[in-house]
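Student: Okay, here's the prediction I keep looking at, along with the sequence it came from:
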Amino acid sequence: MNPRLDALHPYPFEKLRALLASASSQPDGLAPINLSIGEPKHAAPERVAQAIRDSLGGLSVYPSTKGDPALRRAISEWLARRYSIPAPDADTQVLPALGSREALFAFTQTVIDPSAGSVVICPNPFYQIYEGATLLAGATPYFVNADPVRNFAPDWSQVPDEVWKKTRLVFVCSPGNPAGNVMSLDEWKTLFELSDRHGFVIASDECYSEIYLDEGDPPLGGLQAARRLGRDDYRNLVAFSSLSKRSNVPGLRSGFVAGDAALIGRFLLYRTYHGSAMSPLVSAASVAAWTDEEHVKENRRQYREKFDAVVPILQKVLDVSRPQASFYLWAATPGADTAFVRDLYGRTGVTVLPGSFLAREAHGANPGHGRIRIALVAPLADCVQAAERIAHFVHTSV
């Protein structure tokens, strides 16, 4: 067996199941409400389902690893519209992927030389795929703690120079999971300068880019930042995105990578052997999704409605504020986050995720301690009911 498997940590939801198993029995007649996992529950667009029905003949065709040219063009044109940049070359700078999770993992295996003592820098808290991909690639993760003073952004200046010298890959997540913070152009400028100095690759995870609360102020993307800073070749930068959150199709497993053509070329070589070609059915459905914005605007409207209803209820009892983007609330708890989550579930049937399960102890602290992540993915009425139960729980517990 691969000995690196032994280095992997339990996934946050495995830890959550174990934690909730120790909770007291819930009151009779209280319907459970699960706000722990970021699984979209809004309806998938009908045009996506219709595209699948219209493409059933694709079941008898071997797909290309490089992807359907029509899909690569659709993604390239979407990037141009969304970020006001020249359309990336659909042949060399765009590659469809089976969701951003698969791509983030596989890309790490492509970039890392396991014999070089490589370091991979991750934000902390973080999406656990970053850490697992790093460990299985034979590299060492280095965590940069979220800074509440910086709206939970990592402070790159805190990374020692000797760590930068060994760094081969940096994961960024903007909008962030779990705090919904968005990287500014100045932050991108700093990271690009560090990349130029030390030669590392930047993997920009942007799967929440289309869930934002101000319709007139969409989040800045990595490719967009690069163009604004004159980095027209996207040197050492690859952006990852997905339809899961944008179009409410997590089961479709469809996303893309885009950026530096040299990196995309090597990644394509890896994927030729990796076995990750996209089905023609999924490809047709993806074209239908990327070429329509009306369902995405409606998706954002529904999330805004939830934030408008839920945040005022929770702010009466918890330190919490609306994020810049994403569908999460990153709330402080009056006491240990794990005890709060366990007792909340036992007394109210509401499930949220302990912040400490999303982070690692680093530099003397776990930056998720004392916080919970609340995913506003359930229907509006359920989200409001959950917020009211949380408020009552805090009132009667403190």
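Tutor: Great, that's in hand. Numbering: from 1, shown residues only.

Student: can you give me the helices in the stretch 151-300 of the chain?
Tutor: Ranges of helices in the stretch 151-300 of the chain, per DSSP state H, counting those that start in this stretch, are 161-166, 185-198, 222-228, 243-246, 261-274, 280-290, 294-315.

Student: closest to P69 out of these?
Tutor: Among the helices of the stretch 151-300 of the chain, the nearest to P69 by Cβ to Cβ is helix 280-290 (9.9 Å). Every C-beta, even on glycine, is put in place using the N, C-alpha and C of the backbone.

Student: what packs against the closest one?
Tutor: Here helix 280-290 touches helix 46-53, helix 69-83, helix 243-246, going by 3 or more Cβ pairs under 8 Å, 6 or more residues apart in numbering; DSSP states H and E.

Student: tilt between the first one and helix 294-315?
Tutor: Think helix 46-53. 130 degrees (axes from the mean of the first three to the mean of the last three Cα atoms, to 10 degrees).

Student: now helix 46-53: how far from the chain's centre is it?
Tutor: Helix 46-53 sits 25 Å away from the centroid of its parent chain (Cα atoms, centre = their mean, to the nearest Å).

Student: need the helices of the stretch 151-300 of the chain in TSV with mean neighbour count, mean pLDDT and distance to L358, can you?
Tutor: What follows is those, written out as TSV (neighbours: other Cβ atoms under 10 Å; pLDDT from 0 to 100; distance: least, Cβ to Cβ, whole Å):
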stretch	mean neighbour count	mean pLDDT	distance to L358
helix 161-166	13	97	22
helix 185-198	16	98	21
helix 222-228	22	98	22
helix 243-246	25	98	17
helix 261-274	17	96	27
helix 280-290	24	98	28
helix 294-315	16	98	19
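
Student: N366: which of those is closest?
Tutor: Nearest of those to N366, taken as Cβ to Cβ: helix 161-166 at 19.4 Å.

Student: contacting residues around F200?
Tutor: I121, W164, T167, R168, L169, V170, L194, N236 (Cβ atoms under 8 Å, 6 or more residues apart in numbering).

Student: Could you report the distance from it to V120?
Tutor: For F200, the distance to V120 equals 9 Å [Cβ to Cβ, to the nearest Å].

Student: Now do the shared contacts for the two.
Tutor: Both F200 and V120 are contacted by T167, R168, L169, V170, under the criterion Cβ under 8 Å, 6+ apart.

Student: contacting residues for the last one?
Tutor: To tie it back to what came earlier, the one meant is V170. Counting by Cβ under 8 Å, 6+ apart, the residues that V170 touches are V120, I121, L191, S195, F200, V201, I202, A203.

Student: Quickly list what it is bridged to.
Tutor: According to DSSP bridges, the partner residues bridging V170 are I121, I202.

Student: gap between S283 and T65?
Tutor: 12 Å.

Student: now G138
Tutor: Distance from G138 to T65, by Cβ to Cβ: 24 Å.

Student: Next: A90.
Tutor: Distance from A90 to T65, counting by Cβ to Cβ: 15 Å.

Student: on that earlier part again, who has more neighbours out of G138 and T65?
Tutor: Higher neighbour count among G138 and T65: T65, with 18 against 15, using other Cβ atoms under 10 Å.

Student: Is it correct that that one falls within a helix?
Tutor: No. Read with DSSP: H, G, I helix; E, B strand; the rest coil, T65 is coil and lies in no helix.

Student: contacting residues around it?
Tutor: Contacts for T65 (Cβ under 8 Å, 6+ apart) come out as L268, R271, T272, S276, A277.

Student: which of those residues lies closest to A331?
Tutor: Closest to A331, out of all of those and judged by Cβ to Cβ, is S276, at 36.6 Å.

Student: Report how many residues lie close to that closest one.
Tutor: S276, neighbours per other Cβ under 10 Å, totals 19.

Student: so what's it closest to, chain neighbours aside?
Tutor: Once flanking residues are discounted, S276 sits nearest to L98: 5.4 Å by Cβ to Cβ, 6 or more residues apart in numbering.

Student: which residues does the one you found contact?
Tutor: L98 is in contact with R253, S254, G255, S276, M278, V282, counting by Cβ under 8 Å, 6+ apart.

Student: And S24, by the same measure?
Tutor: By Cβ under 8 Å, 6+ apart, S24 lies in contact with D343, G346, R347.

Student: could you say which helix or strand contains the first one?
Tutor: D343 is part of helix 337-348, with elements assigned from DSSP states H and E.

Student: Which other helices and strands does that helix contact?
Tutor: Counting contacts by 3+ Cβ pairs under 8 Å, 6+ apart, helix 337-348 packs against helix 12-21, strand 350-351, strand 353-354, strand 371-375, helix 380-397.

Student: What's the mean pLDDT across the second one?
Tutor: In this case it means strand 350-351. Average pLDDT, strand 350-351: 98.

Student: So in that sheet, which strands flank that strand, and in what orientation?
Tutor: Strand 350-351 is paired, per DSSP bridges, with strand 33-34 (parallel).

Student: for the fourth one, same thing?
Tutor: Looking at strand 371-375 with DSSP bridges, its paired strands and their directions are strand 328-332 (antiparallel), strand 353-354 (antiparallel).

Student: Return the set of buried residues in that strand.
Tutor: Going by neighbour count (16 or more other Cβ atoms under 10 Å), the buried part of strand 371-375 is R371, I372, R373, I374, A375.

Student: dump the residue contacts of the second one.
Tutor: Shown here is I372, whose contacts under the criterion Cβ under 8 Å, 6+ apart are W330, A331, T333, D337, F340, V341, V352, L353, P354, G355.

Student: and the residues you listed, which are buried?
Tutor: W330, A331, T333, D337, F340, V341, V352, L353, P354, G355.

Student: Q315: which of these is nearest?
Tutor: Closest approach between the buried ones among the contacts of I372 and Q315, by Cβ to Cβ: A331, at 9.3 Å.

Student: ok, now how distant is that closest one from R53?
Tutor: Distance of A331 to R53, given as Cβ to Cβ: 42 Å.

Student: Now stretch 195-211 - C-alpha only, CSV.
Tutor: Taking C-alpha atoms only, stretch 195-211 is exported to CSV below (Å, rounded to 0.1, in the frame of the first residue of the first chain):
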residue,chain,number,x,y,z
SER,A,195,5.9,33.7,-7.4
ASP,A,196,8.3,35.5,-9.7
ARG,A,197,11.0,35.6,-7.0
HIS,A,198,10.7,32.0,-5.9
GLY,A,199,9.2,30.2,-9.0
PHE,A,200,6.2,28.6,-7.4
VAL,A,201,2.9,27.9,-9.1
ILE,A,202,-0.4,29.4,-7.9
ALA,A,203,-3.5,27.3,-7.9
SER,A,204,-6.5,29.6,-7.6
ASP,A,205,-9.6,27.8,-6.4
GLU,A,206,-12.6,30.0,-7.5
CYS,A,207,-15.5,27.6,-7.2
TYR,A,208,-17.6,30.2,-5.2
SER,A,209,-16.9,33.0,-7.7
GLU,A,210,-20.5,33.3,-8.8
ILE,A,211,-22.2,33.3,-5.4
